[in-house]
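Enquirer: Only the shape, not the letters, is given here:
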């Protein structure tokens, strides 16, 4: 199937199939490469004798790589094309995840997480751009199509929830049995890459005729409009700091509270399913508002979700927290792409999406290590998640001040 990205709306079913196939990019770059580590943190920490600060540092290394990858993504897109960068990044992310199963030294694992972060940024930004173009072609459903792409992270989370505990259980008597989980995740990522390859063939790596501007038009365009996204960018950086603390340490908190392996699987699977469902839940909000209102509302809800398992260790409260968090957090990511689409011409989308990706990565660099450092002190993981919750509410306040560029 060949799809031409013009301003004419595409048929509904082929467009939706392409969006779901592209969502495997989010599944690989976030759902598997980054968030599955939350399931592996408790056994790796116990086996290797890590502090919470070092355990969080693993995701900090991943975020540093993500920042490096985001910074060089526009240049690589111009040189190699969006679809090619998407596929190369997905293949490399799978390889680097497999590599994490062959080493036990902290420096080597930090390097693997760094490299996987670089590759995952290529996948996430390239996939987001293709999803934005797809949303332009099916303009009446732009928010839904973006939501489907980012909701693909939920597929990766759910798959990880079903896969990792089973592999850990099967390898319980094997030295460093957590390594087998990394290899299983790498295989799952490779399978998802096959769907991305189909999407890349089905959707040619070129923008619509009216968006096919020379590369210079993107790189040399005045940066004033991006500066006017200041409140949203600041809020998004704090979102990166706050949400990653929850996703890195919530499983460890549940384990400390006595949750069984079966409950952890249920919790993480429901969180992933909620991620997928969020694509339709918040689509209207993303289409209706052209300022920071969606980002503000969603960050406020995330702060509540992050605090719930701290307020009560009960199983129902934990499940409400997971479902609420899963149903909201990726829509914050989608809201920034929607903000770019609503306020910038298509020739500036790469620049806009990359800018938000960079501040997102910067927030994630700080978040895991700081949350781990707080968790190593009095109050433990509960105090660390309280700090994450406060950070998310601060993000909501900042985002609420962002107006549509058409209104100023």
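Expert: Received it, and whenever you're ready, just let me know what you need. What you see is a predicted model; the values in this text were computed from it and never measured. Numbering: from 1, shown residues only.

Enquirer: and stretch 358-368, how far out from the chain's middle?
Expert: Mean-position distance between stretch 358-368 and its chain equals 12 Å (C-alpha atoms, centre = their mean, to the nearest Å).

Enquirer: List the buried residues in stretch 77-97.
Expert: 77-78, 80-97 (16 or more other C-beta atoms under 10 Å). No exception for glycine: its C-beta is placed from N, CA and C like everyone else's.

Enquirer: what do you get for stretch 275-289?
Expert: Applying 16+ other C-beta under 10 Å to stretch 275-289 flags 275-279, 282-283, 285-287, 289 as buried.

Enquirer: Between which two of those residues is the distance greatest?
Expert: Farthest-apart pair in the buried residues of stretch 275-289 is 276 and 289; separation 22.5 Å (C-beta to C-beta).

Enquirer: does residue 67 really touch residue 363, like I thought?
Expert: No. Taking contacts as C-beta atoms under 8 Å, residue 67 lies outside contact range of residue 363: 9.8 Å.

Enquirer: quick one, which of those two is more surrounded?
Expert: The residue with more neighbours, out of residue 67 and residue 363, is residue 363; 24 against 21, by other C-beta atoms under 10 Å.

Enquirer: and the more buried one, helix, strand or coil?
Expert: At residue 363 the chain is in helix, as set by DSSP: H, G, I helix; E, B strand; the rest coil.

Enquirer: Spit out the contact partners of it.
Expert: The contact partners of residue 363, taken as C-beta atoms under 8 Å, 6 or more residues apart in numbering, are 236-242, 244.

Enquirer: repeat that with 6 Å
Expert: By C-beta atoms under 6 Å, 6 or more residues apart in numbering, the contact list for residue 363 reads 237, 240-241.

Enquirer: what helix or strand does the closest residue to it other than its chain neighbours sit in?
Expert: In space, and not counting its chain neighbours, residue 363 is closest to residue 240: 2.4 Å by C-beta to C-beta, 6 or more residues apart in numbering. Residue 240 belongs to helix 230-256 when assigned by DSSP states H and E.

Enquirer: Report the distance from the helix or strand following that helix to the chain centre.
Expert: Per DSSP H and E, the first helix or strand lying C-terminal to helix 230-256 is helix 261-281. Per C-alpha atoms, centre = their mean, the displacement of helix 261-281 from the mean C-alpha position of its chain is 15 Å.

Enquirer: got a list of contacts for helix 261-281?
Expert: Contacts with helix 261-281, where a contact means C-beta under 6 Å, 6+ apart, come from 147-148, 151, 153-154, 157-158, 161, 165, 251, 254, 318, 322-323, 326-327, 330-331.

Enquirer: Which ones among those lie within helices?
Expert: Using DSSP state H, the members of those that fall in helices are 147-148, 151, 153-154, 157-158, 161, 165, 251, 254, 318, 322-323, 326, 330-331.

Enquirer: Put the buried members of the residues you listed into a ChimeraX selection.
Expert: Of those, the buried ones go into a single ChimeraX selection, burial set by 16+ other C-beta under 10 Å:
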select :147,148,151,153,154,157,158,161,165,251,254,318,322,323,326,330,331
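
Enquirer: Go through the buried residues of stretch 275-289 and say which is closest to residue 108.
Expert: residue 275 (30.8 Å).

Enquirer: Apart from its chain neighbours, what residue comes closest to that closest one?
Expert: residue 154 (2.6 Å).

Enquirer: Okay, the one you found and residue 23: tell me how far apart.
Expert: Separation of residue 154 from residue 23 (C-beta to C-beta, to the nearest Å): 9 Å.

Enquirer: Could you count how many residues lie near the residue nearest to residue 321 when sequence neighbours are not counted?
Expert: Distances taken as C-beta to C-beta, 6+ apart put residue 308 closest to residue 321, at 3.8 Å, once the chain neighbours are dropped. Look at residue 308: counted by other C-beta under 10 Å, it has 20 neighbours.

Enquirer: okay, the angle between the helix or strand where residue 308 lies and helix 261-281?
Expert: Following DSSP H and E, one finds residue 308 within helix 293-311. Angle, helix 293-311 to helix 261-281, by axes from the mean of the first three to the mean of the last three C-alpha atoms, to 10 degrees: 160 degrees.

Enquirer: Flag every buried residue along the longest helix seen in the chain.
Expert: Counting by DSSP H, the longest helix found in the chain is helix 106-137. For helix 106-137, a neighbour-count test (16+ other C-beta under 10 Å) marks 106, 109-137 as buried.
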